[in-house]
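Enquirer: pasted the sequence and its predicted model underneath.
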Amino acid sequence: MQRKAIPKQIRQRVYEKYRGRCAYCGSAIEYKDMQVDHLVPLYNGGADDVENMMPACRSCNHYKRASSLGEWRKQLEATTKTLARDCYTYRNAVRFGQVTETPHKVVFYFEQEAANV
């Protein structure tokens, strides 16, 4: 199914939601580089309206894909365990003090913003 293009005025509103920052990681993004993500994926019944649209950097949009926010949060929180299980280079980096693991609950940028209001 071909998605319809998002009109420029809607893209601008999405971009301004978090003042030019990715709603997930908080990185500054240029308007031209912003990708519009659906917080609740269309695939999972999310609405195709501006309230469900989030400004995202390419990396966050790529890794979140059609995951729910909860699914993606679990995946991110498990990253160090996944790397330790699957990547010898990572295990060596931890063992030799090149990487320090700091497991914590993931709080997305838009959630931090809402908490500060």
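Expert: Received, thanks. All figures in this text were calculated on a predicted structure; none of them were measured in a lab. Numbering: from 1, shown residues only.
Enquirer: residue 98: what's it in contact with?
Expert: When contacts are counted by CB atoms under 8 Å, 6 or more residues apart in numbering, residue 98 touches residue 92. C-betas here are computed from N, CA, C, even on glycine.
Enquirer: to clarify, my last question referred to residue 84.
Expert: Under the criterion of CB under 8 Å, 6+ apart, the contact partners of residue 84 comprise 90, 91, 94.
Enquirer: repeat that for residue 34.
Expert: Under the contact definition (CB under 8 Å, 6+ apart), the residues listed for residue 34 are 11, 14, 15, 55, 56, 57.
Enquirer: farthest residue from the center of the protein?
Expert: residue 96 (30.2 Å; CA atoms, centre = their mean).
Enquirer: pretty sure residue 111 is in a helix, no?
Expert: Yes: when DSSP: H, G, I helix; E, B strand; the rest coil is applied, residue 111 is found to be in a helix.
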